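Q: One predicted model, sequence on top.
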Amino acid sequence: MYFAKITNYQHPKNKLQDYLQKQLKALECVTVENPEEFKKHLETTVHRANGKFLRCRPLQAYFHAAYTQGDLTCGISELIQFSLYAQRGVFDPSGTSAAVMQGEAAQAELFV
């Protein structure tokens, strides 16, 4: 399981970039089960947009491993960049998941 977060974006300079930015902002803070499907969605979106705006310089999608092991970085040229953060665990403040499910979670002791 991954969490998608926009980590960098530039202001659009032409209609192609404006169109892509509007399409991809909807992917902010979504959960991604399969990163390959996310990659395919980015590539398909870029391919369609490049075909729609022929007068603009075509853009390329990229997808590669991030600096932190297990995380991924993807985006479209210099326009927008996503980080896909791998889920590393589940927060359970009380120590028992049954109490959390019943809504009786104890307050986390932040300052001990």
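A: That came in fine, so what should we check first?

Q: List the residues that contact Phe3.
A: Cys29, Val30, Thr31, Val32, Leu84, Tyr85, Gln87 (CB atoms under 8 Å, 6 or more residues apart in numbering). Heads up, the C-betas are built off the backbone N, CA and C, glycines and all.

Q: Mark which of those are part of strands, please.
A: In strands, defined here by DSSP state E, the members of those are Thr31, Val32, Leu84, Tyr85.

Q: which among these gets closest to Pro58?
A: Out of the ones in strands among the contacts of Phe3, the one with the shortest distance to Pro58 is Leu84. That distance is 24.1 Å, counting by CB to CB.

Q: can you pull out the helices in the chain?
A: Counting by DSSP state H, the chain forms helices over residues 15-24, 35-52, 97-101, given from the N-terminal end onward.

Q: Of the ones you listed, flag the one that's most buried.
A: helix 15-24 (a mean of 18; mean count of other CB atoms under 10 Å).

Q: contact partners of that helix?
A: By CB under 8 Å, 6+ apart, the residues outside helix 15-24 that reach it are 6, 9-10, 12, 42, 45-46, 49-50, 52-53, 56-57, 59, 76, 79-80, 82.

Q: try it again with 6 Å
A: Judged by CB atoms under 6 Å, 6 or more residues apart in numbering, the contacts made with helix 15-24 from elsewhere in the structure are Pro12, Thr45, Ala49, Phe53, Cys56, Ile76, Leu79, Ile80.

Q: among the helices of the chain, which is nearest Ala65?
A: The stretch from these with the least distance to Ala65 (CB to CB) is helix 35-52; that distance is 10.5 Å.

Q: now that closest one: how far from the chain's centre is it?
A: Taking the mean of its C-alpha atoms, helix 35-52 sits 14 Å from the chain's own mean (CA atoms, centre = their mean, to the nearest Å).

Q: Could you pull up the residues touching Glu78?
A: Gln10 are the contacts of Glu78 under CB under 6 Å, 6+ apart.

Q: Need phi/psi at it.
A: Dihedral angles phi and psi of Glu78 (degrees, to the nearest 10) take the values phi -90, psi 0.

Q: Appreciated, that's everything.
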